[in-house]
Each structure stands twice: as C-alpha cells, then as structure tokens.
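**Student:** using only what follows, build the 3D model:
(one chain, ligands or ions: 1)
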Amino acid sequence: MSELASPTTAALDADVIVVGAGMSGLYALKVLRERGLRVIVLEKAPAVGGTWYWNRYPGARCDVPSLEYSFGFDPELEQEWVWTEHFATQAEIERYLNHVADRYDLRRDIRLSCGITAATWDADTNTWVFDTETGEQLRSRFAIMATGGLSVPHRPDWPGIDSFAGTIVQTSLWPEEGVELEGKRIGIVGTGSSGVQSIPELAKVAEHLTVFQRTAMFTWPSQNRPLTHEEQAAVKATYRDLREKQYHSYAAAAGTSGAVIFAVPTDDRKIKESTPEEREAALAEHGFSASRIWADTATDLDANAMAVELFNEMVRRTVDDPEVADSLCPKDYPIGCKRPVLDAGYFETFNRDNVTLVDLRKDAVVEVTPTGIRTEHGFAEIDVLVLATGFDAMTGALTRIDVRGEGDHLMRDDWADGPRTYLGISVDGYPNMFMCVGPSSPAVLANYPPQIELQVGWIRDFLLHLGEHGITRAAVEPAAQEAWCEHVADVAKDTMFMADSCNSWYIGANIEGKPRVFLAYAGGLVAYMERCNDVAAHGYEGYALS
Ligand code: N01
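**Tutor:** You can find the predicted model right below:
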C-alpha cells in the first residue's frame, strides 16, 4: 500500500497502529493486513481476547447466543467452530478468539503486554506517535483505537478499602491463575451483569456470601442450555441467512433470545389496556418475562411502572424472606433504563442459608477494615472481597491515556462535557484516528461481532480510499460532528435511557463527575450503517481530506 506510506515511509513503523487485541482489534488487523497495509497491534494484556481475557470471574458468560456472538466473515470459520452452550462461557469465547488469532496468523503483528500511555498527533508529518508502557515509541499514519467500551474498571473509594487484609479482586481484573474461594467468607459489591452472574456461582463454593447491593437489578432467567448437535447443524445449514439478518437488524441479532433483543416487545398488547386477569395470565405463562412483552412500556413511564410491578411480583414469589424480597425489588427506575441482565438462578440464590443481602440503601457502608466491611448497622467478616462495581464506560479507555490531537489538545479535556464524535468513529481535532465501537456508535446496544465487521469494514474501505487518492490527512469537519452529536442526542431523548429516574453507566451516572450524556447510538445498527454508507457514497462527506 505504497500510497499510504509516502512521504515518510522510512520513519513509519506501520501504516496503521491498532490499540487493543480484543474482538475489534483482531478483526481490524486481519482485514487491513490482507489489503496490503502494514499493521501493528499494541495490547496491554499478556494475551489476546480483550473483555474475554480480563473478565474471567466465576459465572462469566455472554448473554448473546453463541451462534450469533461470533464472526461471520468466513463461512469456513463459522462451520468448523463448535459451540457447546446456547450462551457461551468466558472460557469458550476466549478459546474462540485465540483460535481466530491462530487461524489467520495474527499473532506475528500483535505486541502483548504493551499498553500505551500516550498517542500524539504529529501535524508536521501527519502521523500518530504512540508511547508504550514498555518505553518504546512507535509511529504510524493511522491510529485505530480498539480499546473497548468496558475496559476501565471502576472501584469504590470507601474509607479503609486499601487496608483490607484479605484477598480483594475486581471481576474485570480476575487473575488467570484464579482466586481461592472454596470455603471462604466472600463479600461481593455490585449487582450489575457481572455481580448477577457471579453471585449464584460464589454462593455454591463460599462458606458464606454477603451481597452488598446499592441498586436492585432487573434480571431475567437466561434459559441457558447445552446446544445439541441437531440445533447447531440446523443453524449452520443456513448460517448465511442468519448473518444477513444480523447485518440488517436493529441490534445485529437475528434470533429471539439474549439481552440485545430485550428492547423489542414480543406482544402487540398494551399493558395499560390489560386487565388484572390478563396480567396474571401473563405471569403464569412467561414468569419474569411477563414484564417485558408489552408494546407500550418502552416509551410510556406509566406503562413501564405497571411492568415493574409484574417483575416485582415475580421477585416476591421467588424469594422466601419478604424483607429480602422487598430489597431485591427494583423500585425507583424503569425497565429499559439499564442494560438488561440475564441470570441463572439469581433470585433463588437469596433463599440459601449461606447468603446474606446487605441493602446499602438502608444500611450504608461506613468503612472497610482489615477483616471486613462495617455498615451503619452491622459488620460482615470477609476473607475475599469481590468488586463487581462496573466500568468507566465508553470513554474511560481514551480519557485515561494522553490522547493529544491538533493544537496539543487532550481528548479528556475536549470530552469534559461528554464525548463528541462523528459517526462514533472519528473526532474533530484528531485526524487519521478511528475508533471501533466507540461512543455515539451502536456499541453496547448491539451484538458486537457483526457490528464490528460492518464498522471495521467501513474504516478499512475508508483507508483504502485514502490510499488510492494519495490522501495523508483525514480530519472531521466541526459542523459534521455537531450534526451527528445532535442526532445521537435526539434519537435517545424519548427513550427509557434518558428518563429522569434513570442513572446508568449508559449515561455516565456511575462515575462521579462524569457528565450526563447518553454514550451510544440508539437509532439501531441499520440506520447507523445507512448513515455511514451514505457518508462514504458522498466522497466521505464530513471529512476534510488532503
Ligand atoms: O457493571 P455495572 P457490570 N457502592 O455498572 C454497583 C457488560 N457485561 O460489570 O447501580 C455500592 O452494570 C452498582 O450500583 P448502582 C454489560 O454491558 C456483560 O456488572 O450504581 N455499589 C452496580 O450494582 C454490563 O451492563 C456481561 O447503584 C456500587 C454494580 O456495582 C456492563 O458490562 C457480563 C458502587 C456495577 O454494575 C457492566 O456490567 C458482565 C459503590 N461505590 C458485564 N459502585 C454479559 O455478557 C458501583 N456499585 C452477560
């Protein structure tokens, strides 16, 4: 790709440096290298896999069906890989991504244990300079930030937390060698997806498990099951059709199960027009899912409140102790505000003799001591403290390193009031830099592998276009970025994500001081790709190319 390399070929380490060897980094390396670009991937972890390397806590698994949560770019790959369960475990997905790395000979261009501390735009040469944790400096024409939306762990700053003398472990930094849990007194903080998945598993091995809950969670039984040979063969016989459906769906999902399809009601009926008998019949037929079938709960807060009541009725029917059940009932925010969670026996776990719930809304944390957690009304002795306390989502990975663009601007300063992007891919003031599944793209609202294929494919085509036309600088025009940001906010404004009572990581509410801005694109993958493809068809409008 000689056009891309000139005029500073000798000084460039690569045409493209990709930061991150998770799903999008691996795919970017594959498709860019096969089109003749010299690519280096820099990865902080000692292994590939991104999210699926770091999040190896007990119970970690994907909540999108395995046959859908996989790449579709190579029919041979999807035929030869065998999934064992409807929802794959972390270990199986990690094996899959390692298989992808080996099958396409990706490892030779990946530098592991090589996180970056800074990325700096050099306007004199139209190149990006990367400083790595290993002290190296590398230069490329283009930067692709495949740094992940949920890659920067968030940890509570409770008084005394550093004095804890037992084992303290974050679900998203779970050590490869594992953690000794058998027969221990375990405390877990956090009841989001990670907490909800770990709690039933931790309860099975702990002498005692204390769950510290700040906000009760909406979570639905996953109905996970082993995949039979027949089921898998049936999907594989028509895999191309499934992929086409994914690429042309709202959430990059073709099927009818998994967390990403929760936004879609399964029923035409409106809960506000239903009778008590109809609601009772829905509970009898669908159980917890009776709360998510109705056509009017996604945009009508009163309808949503009625669905919440159905959900909470199921909690009360499942959990034996009425006081514990009451604490486990989500009360003050709507269904659809936070990411739906799928579980395996979550509420039933609170019926075990070795599990205690501490409701932090009634009994707040005072301090962590060397031997446990003191709350206003009690003290829990703990050997292992598990933090399932989430992430500085979507923007954290880029604001925590020094990304320095034109005029020496730092991205974290430019994004102080929330991320500003064009198409969730590029940022005004940061030429030649592209983000994978970045803020203001569908990202967390859609199934990742198909979405990555489409978005990274778009970036690849853009880079080839630049090479073919001898262009060495692609910069976003401010007006195009403003229009995109306005559109992103407009699409989200009437959804449950933005309800006044909604405080989720989708809008940065879990991080103190983070601006309340919706961090993804809620218009769906189809509308999103139409817009991206339209931009390309009009000569990459919105970009100044030189
Ligand atoms: O993080 P979260 P997560 N004191 O932010 C609590 C994906 N994912 O790692 O709600 C007490 O959702 C916090 O309480 P509150 C998925 O996209 C997917 O679980 O802020 N509690 C909350 O309960 C998911 O949405 C999969 O009041 C504190 C919890 O910690 C995303 O990752 C599996 C606290 C954090 O929940 C993040 O999920 C796992 C404090 N100081 C993750 N600080 C699957 O595919 C925080 N909390 C299945």
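**Student:** from now on I want contacts and neighbour counts done on CA atoms only, so please keep to that.
**Tutor:** Noted.
**Student:** what's next to the strand or helix carrying residue 373, contact-wise?
**Tutor:** For residue 373, the element it lies in under DSSP states H and E is strand 372-375. Contact with strand 372-375 is made by 164, 363-368, 379-383, as judged by CA atoms under 8 Å, 6 or more residues apart in numbering.
**Student:** with stretch 58-69 instead?
**Tutor:** Contacts of stretch 58-69 (CA under 8 Å, 6+ apart): 83, 85-90, 194, 197-198, 200-202, 222, 232, 235, 253-255, 257-260, 341-342, 447-450.
**Student:** mind saving the C-alpha coords of that stretch as PDB?
**Tutor:** This file holds the C-alpha atoms of stretch 58-69, laid out as PDB (Å, rounded to 0.1, in the frame of the first residue of the first chain):
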ATOM      1  CA  PRO A  58     -17.000 -17.300  38.200                       C
ATOM      2  CA  GLY A  59     -20.200 -17.400  36.100                       C
ATOM      3  CA  ALA A  60     -18.900 -15.100  33.300                       C
ATOM      4  CA  ARG A  61     -20.600 -15.800  30.100                       C
ATOM      5  CA  CYS A  62     -22.000 -13.900  27.200                       C
ATOM      6  CA  ASP A  63     -25.700 -13.000  27.100                       C
ATOM      7  CA  VAL A  64     -26.000 -13.200  23.300                       C
ATOM      8  CA  PRO A  65     -26.500 -16.700  21.900                       C
ATOM      9  CA  SER A  66     -23.100 -18.200  21.000                       C
ATOM     10  CA  LEU A  67     -24.100 -19.000  17.400                       C
ATOM     11  CA  GLU A  68     -24.800 -15.300  17.000                       C
ATOM     12  CA  TYR A  69     -21.900 -13.900  19.100                       C
END
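**Student:** so how far is the one helix or strand residue 491 maps to off the chain centroid?
**Tutor:** Residue 491 is located in helix 478-492, with elements delineated by DSSP H and E. When distances are taken as CA atoms, centre = their mean, to the nearest Å, helix 478-492 is centred 22 Å away from the chain's centroid.
**Student:** residue 475: what's it in contact with?
**Tutor:** Here residue 475 is in contact with 427-432, 543-545 (CA under 8 Å, 6+ apart).
**Student:** nearest to residue 331, of the residues you listed?
**Tutor:** The nearest member of the contacts of residue 475 to residue 331, counting by CA to CA, is residue 427 at 38.5 Å.
**Student:** report how many residues lie close to the closest one.
**Tutor:** Residue 427 has 24 neighbours, counted by other CA atoms under 10 Å.
**Student:** same deal with residue 355?
**Tutor:** Neighbours of residue 355 under the rule other CA under 10 Å: 22.
**Student:** quick check: it touching residue 205?
**Tutor:** No. Residue 355 is not in contact with residue 205 according to CA atoms under 8 Å; the separation is 11.2 Å.
**Student:** sorry, back to before: quick one: strands adjacent to the strand holding residue 373?
**Tutor:** The sheet places strand 372-375 alongside strand 365-369 (antiparallel), strand 378-381 (antiparallel), with pairing taken from DSSP bridges.
**Student:** helix or strand right after the last one?
**Tutor:** Towards the C-terminus, the helix or strand next in line after strand 378-381, according to DSSP H and E, is strand 384-387.
**Student:** find the helix or strand that residue 131 is a member of.
**Tutor:** Judged by DSSP H and E, residue 131 forms part of strand 127-132.
**Student:** centre of the chain to that strand, how far?
**Tutor:** Per CA atoms, centre = their mean, the centroid offset for strand 127-132 relative to its chain is 26 Å.
**Student:** can you give me the buried ones in the helix or strand following it?
**Tutor:** Per DSSP H and E, the first helix or strand lying C-terminal to strand 127-132 is strand 137-145. If you call a residue buried by 16 or more other CA atoms under 10 Å, then strand 137-145 has these buried ones: 138-145.
**Student:** which neighbouring elements make contact with strand 137-145?
**Tutor:** Here strand 137-145 touches strand 14-19, strand 127-132, strand 433-435, going by 3 or more CA pairs under 8 Å, 6 or more residues apart in numbering; DSSP states H and E.
**Student:** what about the helix or strand just after the first one, near the ligand?
**Tutor:** If I follow you right, that is strand 14-19. Downstream of strand 14-19, the first helix or strand assigned by DSSP H and E is helix 23-33. No. Against the ligand, helix 23-33 shows no contacts by CA under 6 Å from any ligand atom, the least distance being 13.8 Å.
**Student:** can you give the distance from the next helix or strand after helix 23-33 to the centre of its chain?
**Tutor:** Note on helix 23-33: by DSSP H and E, the next helix or strand toward the C-terminus is strand 39-42. Distance of strand 39-42 from the chain centroid (CA atoms, centre = their mean) equals 22 Å.
**Student:** so what strands line up beside strand 39-42?
**Tutor:** Sheet pairing of strand 39-42 (DSSP bridges) gives strand 14-19 (parallel), strand 110-111 (parallel).
**Student:** pull the residues that contact the helix or strand containing residue 310.
**Tutor:** Residue 310 belongs to helix 301-318 when assigned by DSSP H and E. Contact with helix 301-318 is made by 218, 270-272, 279, 283, 287-292, 296-298, 322, 325-326, 328-331, 334-335, 347-348, 496, as judged by CA under 8 Å, 6+ apart.
**Student:** and stretch 198-217, by the same measure?
**Tutor:** Here stretch 198-217 has contacts from 57-60, 181-192, 327-331, 341, 344-346, 349, 354-361, 380, using CA under 8 Å, 6+ apart.
**Student:** mind running it again at 7 Å?
**Tutor:** 57-60, 181-192, 327-330, 345-346, 349, 354-361 (CA atoms under 7 Å, 6 or more residues apart in numbering).
**Student:** the residues you listed in helices, which ones?
**Tutor:** Of those, the ones assigned to helices by DSSP state H are 327-328, 346, 349.
**Student:** circling back to that earlier point, and the ligand, which of the contacts of stretch 58-69 contact it?
**Tutor:** Contacts with the ligand within those, counted by CA under 6 Å from any ligand atom: residue 194.
**Student:** generate a PyMOL selection restricted to the buried subset of the contacts of stretch 58-69.
**Tutor:** Listed next is the PyMOL selection for buried residues among the contacts of stretch 58-69, using 16+ other CA under 10 Å:
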select buried, resi 83+85+86+87+88+89+90+194+197+198+200+201+202+222+232+253+254+257+258+259+260+341+342+447+448+449+450
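**Student:** which of the contacts of stretch 58-69 fall in strands?
**Tutor:** 341-342 (DSSP state E).
**Student:** can you count the residues close to the closest residue to residue 25 other than its chain neighbours?
**Tutor:** Closest residue in space to residue 25, ignoring its immediate chain neighbours: residue 146 at 5.3 Å, by CA to CA, 6 or more residues apart in numbering. For residue 146, the count of nearby residues is 29 (other CA under 10 Å).
**Student:** for residue 146, give its distance to residue 50.
**Tutor:** Between residue 146 and residue 50 the distance is 9 Å, computed by CA to CA, to the nearest Å.
**Student:** which helix runs longest in this structure?
**Tutor:** Using DSSP H, we find that the single longest helix of the chain is helix 448-468.
**Student:** tell me what that one is packed against?
**Tutor:** helix 2-5, helix 23-33 (3 or more CA pairs under 7 Å, 6 or more residues apart in numbering; DSSP states H and E).
**Student:** okay, those in CSV with distance to residue 457 and mean neighbour count next?
**Tutor:** Formatted as CSV, the helices and strands packed on helix 448-468 follow (distance: least, CA to CA, whole Å; neighbours: other CA atoms under 10 Å):
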stretch, distance to residue 457, mean neighbour count
helix 2-5, 18, 18
helix 23-33, 8, 24
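**Student:** can I get those helices in JSON lines with mean pLDDT and distance to residue 514?
**Tutor:** As requested, the helices and strands packed on helix 448-468 are exported to JSON lines (pLDDT from 0 to 100; distance: least, CA to CA, whole Å):
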{"stretch": "helix 2-5", "mean pLDDT": "43", "distance to residue 514": "38"}
{"stretch": "helix 23-33", "mean pLDDT": "98", "distance to residue 514": "26"}
